[in-house]
Every structure is written in structure tokens, then in C-alpha cells.
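Student: Pasted the sequence and its predicted model underneath.
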Amino acid sequence: MLISLVILFVLLALPALANPACAVCTVAVGASLEIARSYGVDDAIVGVWAGAMLVILGYWMLSWMDKKGWRFTGRDFIILTSSVAMIGFMYVHELVYTPQIIGIFYIDGFLFSVLVGALVMYYSSEFYQWMKAHNGGHAHFPFEKVVVPIAALCLASAYFYYFPLDNINAEPESLYDFQDNK
């Protein structure tokens, strides 16, 4: 226990050298998704984080293309959309596409949560940029760039935890235990 505390304090004293969305972190998140599924975490929650990871991979591709000087019309939209579309490979080997009615959509629950996670990641990053622009180009607090998307993803995960997609198609009488007490 004492050795762990010493290591923790030494690491806290060192300057941070890693980018919050570094390639190693991104691969670690991808590996942790499979671990979470093996521990029984709901696929909708895993899907939220998988969608966010795919958007991060798209941002990495855009950063790499900027370094190469590759710019063309619609580049950001094409790269981010194709990055999120990579989730389709999961349906080739691991998942079975089983659509269900979710609100006004007829879509697989995992795919729906991936799209929600991707949109939450994209718009929370845009929201951070908007907040930073309205604060004179500075963050309101340290690591705000990380906290805003993570908090938004945690809220989306909590929503899917408390309102699982499996109960959407349940019959009303199975949701409530009404008995005839005449």
C-alpha cells in the first residue's frame, strides 16, 4: 500500500507529457470496451464509448491529414462519418443485426448507442470549443477539454443504464404489476 502511494505521488509531481487523446490512450479505450463486454456491461453503454472512440480515431486521421497538407471539400464530414461507419465490421464477425423500435427509429440497439456516443463526443467537443471562444480563448479550468466530453459521455451512459434499450418494446402490462382487485 505504501509503495502504491509513493508511486502515485511521484507520478503526480511529474509534468504531464501525454495528449489526452493520444494513440496509446485510444487503443487502451478500445481494448477496455471488449473487457467491459466480458464483465457483463450492457451493450448500449459499451456502444456509447465505442462511438466516442471512433470519433476520436476520426480526429486523429484529420490531424494526420493536416500534417500531410491533404485538404479537400467535405473532408472532415467524410472522415468522421467513415470512422464511425467502421462499427459495421463488428456486425460482420461478432454481432447480429437485430433492429428494434427505439423512439422513431428502427435500428439495432448497439448501433443506436454507437451513434449516440459518436454524436455526444462530437457535440461535446464542439461545445468545449464554443465555451473556450467565449472565454477569451482560454479554458475555464484545467483539463476542461477532457472533462466536458467525459462528463457528457458519462451522462449518456447513465441514461442507458437507468433506461435500457431492452425495455422499449416491452408490453405495458409487463412493465407494471397490475392485479384485478375487484
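Tutor: Yep, that arrived. Numbers count the residues shown, from 1 in each chain.
Student: list the buried ones in stretch 106-114?
Tutor: 107-114 (16 or more other Cβ atoms under 10 Å). The way it works is simple: take the backbone N, C-alpha and C, and place the C-beta from them, glycine included.
Student: same check, this time on stretch 142-154
Tutor: Taking 16+ other Cβ under 10 Å as the neighbour-count basis, stretch 142-154 is seen to contain the buried residues 145, 147-149, 152-153.
Student: so how far is residue 157 from residue 116?
Tutor: When Cβ to Cβ, to the nearest Å is the yardstick, residue 116 and residue 157 sit 10 Å from each other.
Student: Likewise for residue 129?
Tutor: Counting by Cβ to Cβ, the gap between residue 129 and residue 157 amounts to 23 Å.
Student: And residue 126, by the same measure?
Tutor: In terms of Cβ to Cβ, residue 126 sits 20 Å off from residue 157.
Student: Please apply the same query to residue 78.
Tutor: According to Cβ to Cβ, residue 78 stands 28 Å off from residue 157.
Student: So those two - more neighbours on which side?
Tutor: When neighbours are counted by other Cβ atoms under 10 Å, residue 157 comes out ahead of the other of residue 78 and residue 157, with 22 against 12.
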